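In: how would this look folded up:
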Amino acid sequence: MKRQEFITLVGGAAVVWPLTGRAQRVNKTPRIGVLWPNPPATFEFMRQGLKDFGYVEGRNIDFQYQWAEGKLDHLPELAAELVRLQVDVIITLAPRATVAAQHATQTIPIVFVAMGDPLASGVVASCRDRART
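Out: Numbering: from 1, shown residues only. Next up is the predicted model:
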């Protein structure tokens, strides 16, 4: 996935997910959980993409970062931590991070990136699920 497509996807999710029925959290700053195998060299592209939609980290949106530091077997516990932190959405990079997030929650939306074929990797069970995901 190209950088611009990623920014558009995440920005769109940031705009949509607060409207999905969590009325009890209207006055609470939305929190994005980030579950990636390794920390990126920079995360500025994400911040800038959200800023383009009016979201500024520390002002009206917060991030909860969970980097596995290359230890993929740590992903399930890191995903569980994001669930305990009650983030509003989880963004994952790589199939194993996405699967870990799926096992950790059935209620928090998951936005996955860098997924060659979600159907073949087992992240979605059918093409019908892919459209919903």
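
In: next up, identify which helix or strand the most centrally placed residue in the chain is on.
Out: In the chain, the C-alpha nearest the mean C-alpha coordinate belongs to Ile91, at 1.2 Å (Cα atoms, centre = their mean). Counting by DSSP states H and E, the element that carries Ile91 is strand 89-93.

In: mind listing what's buried in that strand?
Out: By neighbour count on 16 or more other Cβ atoms under 10 Å, the buried set for strand 89-93 is 89-93. Glycine gets a C-beta too; all of them are placed from N, C-alpha and C.

In: show me what that strand is packed up against.
Out: helix 3-16, strand 31-36, helix 95-104, strand 110-113 (3 or more Cβ pairs under 8 Å, 6 or more residues apart in numbering; DSSP states H and E).

In: let's see 10 Å
Out: helix 3-16, strand 31-36, strand 62-67, helix 75-84, helix 95-104, strand 110-113 (3 or more Cβ pairs under 10 Å, 6 or more residues apart in numbering; DSSP states H and E).

In: sheet partners, orientation included, of it?
Out: strand 31-36 (parallel), strand 110-113 (parallel) (DSSP bridges).

In: same list (those) but as CSV, adding mean neighbour count.
Out: Listed next are these as CSV, based on neighbours: other Cβ atoms under 10 Å:
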stretch, mean neighbour count
strand 31-36, 23
strand 110-113, 20
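
In: and the ones you listed, which one averages the lowest pLDDT?
Out: Across the strands paired with strand 89-93, strand 110-113 has the smallest mean pLDDT, namely a mean of 88.

In: of the buried residues of strand 89-93, closest to Ile108?
Out: Ile90 (5.6 Å; Cβ to Cβ).

In: excluding sequence neighbours, find me the nearest residue to the closest one.
Out: Gly33 (4.3 Å; Cβ to Cβ, 6 or more residues apart in numbering).

In: got any ranges where the protein has weak pLDDT?
Out: 1-27, 128-133 (pLDDT under 70).

In: closest to Arg47 out of the helices and strands packed on strand 89-93?
Out: strand 62-67 (8.4 Å).

In: perfect, I'm done here.
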